[in-house]
Structure formats: structure tokens, C-alpha cells
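**Student:** structure, please.
(one chain, ligands or ions: 1)
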Amino acid sequence: MKDVAARIIDGKAVSQKLRTELADEVAAFKQQTGVIPHLAVVLVGDDPASAVYVRSKSKGCEQAGMAGSQMTLPADTSQAQLLELVARLNADPQVHGILVQLPLPRQIDETVILDAIDPLKDVDGFHASNVGLLAQGRPRFVPCTPLGCQKLLLDAGIPTSGAHAVVIGRSEIVGKPMASLLVQKGAGGDATVTICHSRTKDLAAVVRTADIVVAAIGRPKFVTADMIKPGATVIDVGINRIETGLVGDVDYGPVSEIAGAITPVPGGVGPMTIAMLLANTLLAAKLQTQARR
Ligand SMILES: Nc1nc(=O)c2c([nH]1)NC[C@@H]1CN(c3ccc(C(=O)N[C@@H](CCC(=O)O)C(=O)O)cc3)C=[N+]21
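**Tutor:** Sure thing, here's the model as predicted:
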């Protein structure tokens, strides 16, 4: 047993640092090109939690010296109407990044919408061509949450090369791209990667072999202390709103007594997601400014 509490990986602090660096890069880009990077965020429906994220995204843009705009469509918007808005944003040379907030109402097929976004404006990295580029090891836009997790590991000096990383969850937006990043050659990669999911046999035994655990299941306190090898690094991607407030996918108290390092919720991965979205918006502006010359 390990009796020293884990090091807390402070995602809020790391994201602040990255956002300050980004603001300098944005200023230099504006000076060189006269172009102001612009992120357009589209929200369908009036889910209050989504509205809060959407506002923090456009606020983040302004803090970094970029432009943020948001469009809210009614919950009964049709797929055709949303496609029309996406086409308009695709054609707008002032807009460099487009984010359509997920989940979408049931009458709209998410993959149809995501694949309609211009891949050079796809700051979420969810378009099939960006997914393919990441899988091929030549990433363009990498999904913000897994990219933020990788940056946290790098910033905290957690070695990934040769480490056994276990990703719990096989979603297209976190689990799969996270595994791609960790297995890739180079810094923040070179890990031996296992993906666990709801059909995995003896998941606890697999997770117990991990040097790095990335929990992206979407179930509150799913990862318990008995699943963690002493000294392992635990990255908690979960954002679960329960009666007692916001909790992650990790049973934080007990796990933090076993782990070597751990991300809290809130203040861990969440703020990094926003920072990566802003970084991807600058990348989008750069790609489009080059493309037009
Ligand atoms: N197209 C699309 N792209 C997304 O990136 C996307 C999305 N749809 N739909 C919803 C999820 C969720 N998401 C979060 C981002 C930041 C925090 C975040 O900053 N959380 C803070 C606290 C938040 C709070 O207190 O409510 C934290 O963890 O410290 C959380 C969740 C992005 N998402």
C-alpha cells in the first residue's frame, strides 16, 4: 500500500499558462496577417448546462484576442435547417472554426452534421477526414479533450513511452482518439495501449496493470481504489452532475491515496478542453490564411 497522497495535476493552472502563451501567438498572427481568428459555436436547443459551456467558449476566445460568436437555434430545428447554417458558416471567410455543440436533438443525425463542417474549420476534430488523419499518425485537428489529457501528461512530466496506458471508454470523442494519441510515435505517445469498455472481461484486473489510467466512461465514481496500481497516474475525463454536485468517473478520495498523480474534477481535464479548443481555432485561422494565398 501507498500512504502518501497523490500529486494533484492542476488542469486549471496548466490551461491558464497555455492560454497566456496562446494569446501571444494570436497577437503575433494578427500582426503578420491582419486576420482575427474567429470561432463560431452553434447550440441547438436550450439545455442550460450546454449554454454555460458555449458562453465559456466564446469568453475564452475574447480573452485570447480572438473573436467568438454563438448562434442558438430552437430545439425543434430540422437537420436541413442546421445543414443550411453550417453551409453558411463554411462559406463565411471571417469564420475560421465551427463547433456544433453535442449532443444534438434526436431528429438530427450527428455524423451528417459533423461531416458537413468544412474539415479545415473542424476545430473539434470530429470530421471523418480529421479522424482519419489522426489514425494515420498525421494529425490535423485533434479532439480537444484527449489532446488536453496528453498535454497534462506532458506538462506533469509523466512518462508515456513504454508505459501501459489503459483507456476506459471507447467513444469517438474521447476514448478512441485518446488511444490513438497515446500509441503514436513521439512525445506524449509511445505507450502500450489497452482500451476497456462495457464488454471487457474483468475490467478491474486490466486497469490494475495500468501505469496510466484515462477514465472516460461517463459514470460517476466508476473507477475505485481497488482498480489502481499504487503510484499510477489517473486522468479523470468524467463530468457527471449528481445531487451533490460535479463528480468525475473516478472515486477521487480513495483513489488519490493510492495513485501517484491524479486530476481533480472540476479543475482537471475540463479547463484543458477549452484551452485546446482555442488552440485549434488559431490553427484553423492559420490553415485557412495559408490556403487562401
Ligand atoms: N462539439 C462539442 N465539443 C465539445 O468539446 C463538447 C461538446 N460538444 N459538448 C459538451 C462537452 C462537454 N465539454 C466540456 C468542456 C469544458 C468543461 C469544463 O471546463 N469544466 C470545468 C467545470 C465546469 C463546471 O463547473 O460546470 C472543470 O472541469 O473544471 C466541461 C465540459 C465540452 N464538450
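
**Student:** nearest to the ligand: which residue in this protein?
**Tutor:** Distances between the chain and the ligand by CB to the nearest ligand atom are smallest at G270, namely 2.2 Å. Glycine gets a C-beta too; all of them are placed from N, C-alpha and C.

**Student:** just give the number of residues close to that residue.
**Tutor:** When neighbours are counted by other CB atoms under 10 Å, G270 registers 24.

**Student:** pLDDT value on the closest residue to it other than its chain neighbours, please?
**Tutor:** Counting by CB to CB, 6 or more residues apart in numbering, G270 lies nearest to I239, which is 6.3 Å off, once chain neighbours are set aside. Reported pLDDT at I239 in the predicted model: 96.

**Student:** oh, and call the first residue 30 from now on, that's how I've got it
**Tutor:** New numbering, starting at 30: the last item is I268.

**Student:** for the residue nearest to K86 when sequence neighbours are not counted, helix, strand, or coil?
**Tutor:** Computed as CB to CB, 6+ apart, the closest residue to K86 that is not its neighbour in sequence is V70, at 5.3 Å. Classification of V70 using DSSP: H, G, I helix; E, B strand; the rest coil returns strand.

**Student:** break this structure into its domains for me.
**Tutor:** With domains defined by automatic domain parsing, the chain comprises 63-147, 172-299.

**Student:** looking at the ones you listed, which has the lowest confidence?
**Tutor:** Mean pLDDT is lowest for domain 63-147 among these, at a mean of 95.

**Student:** one step back: quick check: phi and psi on the residue of the chain closest to the ligand?
**Tutor:** Backbone torsions for G299, taken as degrees, to the nearest 10, come to phi -50, psi -60.

**Student:** ok, now K214?
**Tutor:** Dihedral angles (degrees, to the nearest 10) for K214: phi -70, psi 140.

**Student:** what helix or strand does V195 sit in?
**Tutor:** Element membership of V195 [criterion: DSSP states H and E] is strand 193-197.

**Student:** quick one, what contacts V64?
**Tutor:** Residues in contact with V64, defined by CB atoms under 8 Å, 6 or more residues apart in numbering, are 58, 314, 318.

**Student:** distance check, it against M95.
**Tutor:** V64 sits 10 Å away from M95, going by CB to CB, to the nearest Å.

**Student:** same check on H193?
**Tutor:** Here H193 is placed at a distance of 38 Å from M95 (CB to CB).

**Student:** tell me which of the two has more neighbours.
**Tutor:** Taking neighbours as other CB under 10 Å, H193 and M95 compare with M95 leading, 24 against 16.

**Student:** surely that one touches F58?
**Tutor:** No: with contact defined as CB atoms under 8 Å, M95 does not reach F58; the gap is 9.5 Å.

**Student:** and for those two, which residues touch both?
**Tutor:** Applying CB under 8 Å, 6+ apart, one finds that M95 and F58 are jointly contacted by 66, 311, 314.

**Student:** present the residues you listed as JSON lines; the columns should include neighbour count.
**Tutor:** Shown next, in JSON lines, are the shared contacts of M95 and F58 (neighbours: other CB atoms under 10 Å):
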{"residue": "P66", "neighbour count": "29"}
{"residue": "L311", "neighbour count": "23"}
{"residue": "A314", "neighbour count": "25"}
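
**Student:** and those residues, which of them are in helices?
**Tutor:** Among the shared contacts of M95 and F58, the ones falling in helices (DSSP state H) are 311, 314.

**Student:** near the ligand, which residues of the stretch 130-279 of the chain? Just list them.
**Tutor:** 130-131, 153, 173, 268, 275 (CB under 6 Å from any ligand atom).

**Student:** out of those residues, who has the most neighbours?
**Tutor:** In terms of neighbours by other CB under 10 Å, those top out with C173 at 26 neighbours.

**Student:** got the contact list for that one?
**Tutor:** C173 is in contact with 152-154, 301-303, 305-306, 309, counting by CB under 8 Å, 6+ apart.

**Student:** in helices, which of those residues appear?
**Tutor:** When these are checked against helices (DSSP H), the matches are 301-303, 305-306, 309.

**Student:** quick one: the helices in the stretch 180-322 of the chain, in order.
**Tutor:** 204-212, 232-236, 281-285, 298-320 (DSSP state H, counting those that start in this stretch).

**Student:** so which of those helices is nearest A35?
**Tutor:** Minimum separation from A35 across the helices of the stretch 180-322 of the chain (CB to CB) falls at helix 281-285, 4.6 Å.
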